[in-house]
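In: sequence unavailable; structure follows:
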DNA sequence: ACCTTGTGCAACCTGTTGGTTGCACATTGT
DNA sequence: ACAATGTGCAACCAACAGGTTGCACAAGGT
C-alpha cells in the first residue's frame, strides 16, 4: 500500500538473488565498476549483469554514472535501512509478544 | 559456500515474497496460527499458505507444532539476524570505503 | 458409526526470472 | 578514417515460483 512498502518490496526482491548480492558486495568493496568489469569476475555474461544492475537500480541500491563511453555503477545502500526496519519491526513485535507471554506466565505462577 | 551463506540465501529468498512477509507479520502479532487460519485473512488458498509456510520453515523463520488434528505455526525470527548481518556488512564496508575516500580527498586538499 | 473439519499430497497451469545470443550504436585511440 | 572496445536493445529459452483444484486421509464432535 504505502510508498514505504513498495520500497521494502523492491529491496527484498533485489536481495533475493545471490548474483545480485554478489554484485552489491563487490560494489561495496570497490569504489565503482562497470557492468563489463563486474561480469569479468562473475560466472555470467555482461548482459545478465546489466539486468541485475537495472533491478538493483529500481530498488535504489545502485546508481549509474556515465563517464565517457562507459557507465560506472556505485552503491547507494540507504534503502537497506527500510529492509532492516521491516525486520526490526517483526522482531520487535515478536519480542513484545514474548515479553507479554512471560509476564502472563509469571503472573499465573504467582 | 559457507553454511551461513546458505542461511542468508534462504532467508532473503523467503522474504522476497509479499505474501510470505505478510504471514510473518501475522505470526509476529498472533502467538500462533494454523495454515487455514492464516489463509482466511489472506487472498490466497490454504494450500498456497502451506507452501509459503514450508519455505519459511526451510529458512528457519517458522516452526510447526502438531496439536491434535491441527498444526500451529509460530515465529522463530533468529535467522533474520543473519540477513541483517549481511546488510550491515555491506553498509559497513561501504562506509569504510567512503571514510577512506574522504580522508584521501582531505589529504589531497592539504 | 457418521459427519465435519483440518491437513497432506499430487497434478497442473501461467507468469516471471535469470540467463543466453546476436546485432546495432556510440565512443576512444591510432 | 578505421579498428577496437563498451554499451543498449531485442528475441528467445528453460526453469522455477506462486497459485489453483481435486482428492485421500486423519482426528474430533455428535
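Out: Looks like it came in fine. What you are looking at is a predicted structure, and each value in this text was computed from that prediction instead of being measured.
In: residue of chain A closest to DNA strand C, please.
Out: Nearest residue of chain A to DNA strand C: residue A:68, at 2.5 Å (C-beta to the nearest atom of the strand). C-beta coordinates here come from the backbone N, C-alpha and C atoms, glycine included.
In: assumed residue A:72 was part of a strand.
Out: Yes - applying DSSP: H, G, I helix; E, B strand; the rest coil, one finds residue A:72 inside a strand.
In: list the contacts for it?
Out: Contact analysis of residue A:72 by C-beta atoms under 8 Å, 6 or more residues apart in numbering or on different chains lists A:32, A:33, A:34, A:64, A:65.
In: do stretch A:57-72 and DNA strand D meet?
Out: Yes - legend: contact between stretch A:57-72 and DNA strand D by C-beta under 7 Å from any atom of the strand is shown at A:69, A:70, A:71, A:72.
In: with stretch A:7-20 instead?
Out: No - taking C-beta under 7 Å from any atom of the strand as the criterion, stretch A:7-20 and DNA strand D are apart, separated by no less than 8.3 Å.
In: residues making contact with the host helix or strand of residue A:37?
Out: Using DSSP states H and E, residue A:37 maps to helix A:35-40. Applying C-beta under 8 Å, 6+ apart, the contact partners of helix A:35-40 are A:23, A:26, A:27, A:45, A:46, A:48, A:49, A:50, A:53, A:70, A:71, A:73.
In: if we use 10 Å, what do you get?
Out: Helix A:35-40 has contacts (C-beta atoms under 10 Å, 6 or more residues apart in numbering or on different chains) with A:19, A:22-23, A:26-27, A:30, A:33-34, A:44-54, A:64, A:70-73.
In: show the buried residues in those.
Out: Burial by neighbour count, 16 or more other C-beta atoms under 10 Å in any protein chain shown: within the contacts of helix A:35-40 this picks out A:22, A:23, A:26, A:27, A:33, A:34, A:49, A:50, A:52, A:53, A:72, A:73.
In: would JSON lines of those with distance to residue B:4, secondary structure and pLDDT be doable?
Out: Below are those laid out as JSON lines (distance: C-beta to C-beta, whole Å; DSSP: H, G, I helix; E, B strand; the rest coil; pLDDT from 0 to 100):
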{"residue": "A:22", "distance to residue B:4": "15", "secondary structure": "helix", "pLDDT": "98"}
{"residue": "A:23", "distance to residue B:4": "19", "secondary structure": "helix", "pLDDT": "98"}
{"residue": "A:26", "distance to residue B:4": "19", "secondary structure": "helix", "pLDDT": "97"}
{"residue": "A:27", "distance to residue B:4": "21", "secondary structure": "helix", "pLDDT": "96"}
{"residue": "A:33", "distance to residue B:4": "25", "secondary structure": "strand", "pLDDT": "97"}
{"residue": "A:34", "distance to residue B:4": "30", "secondary structure": "strand", "pLDDT": "98"}
{"residue": "A:49", "distance to residue B:4": "25", "secondary structure": "helix", "pLDDT": "98"}
{"residue": "A:50", "distance to residue B:4": "29", "secondary structure": "helix", "pLDDT": "98"}
{"residue": "A:52", "distance to residue B:4": "22", "secondary structure": "helix", "pLDDT": "98"}
{"residue": "A:53", "distance to residue B:4": "26", "secondary structure": "helix", "pLDDT": "98"}
{"residue": "A:72", "distance to residue B:4": "31", "secondary structure": "strand", "pLDDT": "98"}
{"residue": "A:73", "distance to residue B:4": "26", "secondary structure": "strand", "pLDDT": "98"}
